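Novice: Would you be able to build a 3D model of this:
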Amino acid sequence: MDIEFEKLINLQKLDKEIADISAFLENIPSKIEEINKKIEASSQTIDLAKEKMAQNQKKRRDLEAEVKDIREQISKYNRQLNEVKTNREYSSLLKEIEEAKQKISDMEEEIISEMLLADDIEEEIKTASQKHSEAEEEFSKEKNALQQEKETFEAKKAKLNQEKEKLAPKIPSDQVNLYLKIYKKNSGIALSPVSEEFCSLCHMRIRPQVINELKGKEKIILCENCGRILYFVT
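Specialist: Down below sits the predicted model:
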């Protein structure tokens, strides 16, 4: 019985294309997840800037509240000036008032510094938002391209599987079974062409007698080294 080398070679070609497409499709979810992480990282830059602004505003509110409390304390000291009976008490209150006023002055400078810092943070938020918007648009294009590739390759894989289903029954079952056994054992490559008296895959030298038998295409011969089905290339 003649060996259906051409059909087996086509079967291996189909299986390889299907395997390559499957590997590509399996990687798409991780690629999309990687894009999502980039989008999230870009968004976090905005969140960090906004958090910085929130801290800035809280600090200003706290300072302003403290300034208000000190002003009320100064008013209290001023009222007490009219009630003291000794110069010592009077001088002590004046000192407290001056220290309180100096503290207010220092705090007001700090408030101004925080206001200037707020302007910088506002610009930081604006810049981060713009970059995020641009990045999100770019990442969205990448995701859409991946989705389109996925659909294209899924359709191609389906077509290849249909071709395989039509081809397999045309090959004797014993040859198909042997092919599948070697295919699984040898990482998806079951056949190896003989080129210049060598197995193309493991580079084992093929004896002249074996080459003559391969030319006859009357029986399956396995490589003595890698165990693949050998076929002669003219």
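Novice: Can you show me the helices along this protein?
Specialist: Using DSSP state H, the helices assigned to the chain run over residues 5-81, 87-167, 173-185, 208-216.
Novice: can you list contacts of the last one?
Specialist: Applying CB atoms under 8 Å, 6 or more residues apart in numbering, the external contacts of helix 208-216 come out as Val194, Glu197, Ile206, Lys219, Ile221, Leu230, Tyr231, Phe232. In short, each C-beta sits where N, CA and C put it, glycine included.
Novice: any idea how far the last one is from Ile3?
Specialist: So that's Phe232. Distance, Phe232 to Ile3, by CB to CB, to the nearest Å: 11 Å.
Novice: Could you tell me which residues touch both of those two?
Specialist: Lys217.
Novice: Run a quick neighbour tally on Gly216.
Specialist: Gly216 has 10 neighbours, counted by other CB atoms under 10 Å.
Novice: From Gly227, how far out is it?
Specialist: In terms of CB to CB, Gly216 sits 21 Å off from Gly227.
Novice: which stretches of the chain have low pLDDT?
Specialist: Under the criterion pLDDT under 70, the flagged ranges of the chain are 1.
Novice: Contacts only, for the residue most central in space within it.
Specialist: The residue lying closest to the centre of the chain (CA atoms, centre = their mean) is Glu34, at 1.3 Å. Glu34 makes contact with no residue, according to CB under 8 Å, 6+ apart.
Novice: how far away is it from Lys85?
Specialist: For Glu34 relative to Lys85 (CB to CB), the value is 79 Å.
Novice: do Glu4 as well
Specialist: Following CB to CB, the distance that separates Glu4 from Lys85 is 122 Å.
Novice: ok, those two, which is more surrounded?
Specialist: Using other CB under 10 Å, the more surrounded residue of Glu4 and Lys85 is Glu4, with 18 against 7.
Novice: tell me the contacts of that one?
Specialist: Lys170, Ile171, Pro172, Gln175.
Novice: Now do the phi/psi pair for it.
Specialist: Here is the backbone geometry of Glu4 (degrees, to the nearest 10): phi -80, psi 70.
Novice: try Cys223
Specialist: For Cys223, the backbone dihedrals are phi -60, psi 130 (criterion: degrees, to the nearest 10).
Novice: Equivalent analysis for the one 10 residues further on, please.
Specialist: Dihedral angles of Val233 (phi, psi; degrees, to the nearest 10) stand at phi -110, psi 120.
Novice: That one contacts Val194, doesn't it?
Specialist: Yes: contact criterion CB atoms under 8 Å: Val233 and Val194 qualify, at 6.5 Å.
Novice: More neighbours: those two, which one.
Specialist: Val194 (21 against 10).
Novice: State the distance from the residue nearest to Gln73 when sequence neighbours are not counted to Ile111.
Specialist: Counting by CB to CB, 6 or more residues apart in numbering, Gln73 lies nearest to Ala100, which is 5.9 Å off, once chain neighbours are set aside. According to CB to CB, Ala100 and Ile111 sit 16 Å apart.
Novice: Gln148 now?
Specialist: 55 Å.
Novice: Which one of those two is surrounded by more residues?
Specialist: The neighbour comparison of Gln148 against Ile111 (other CB under 10 Å) goes to Ile111, with 18 against 10.
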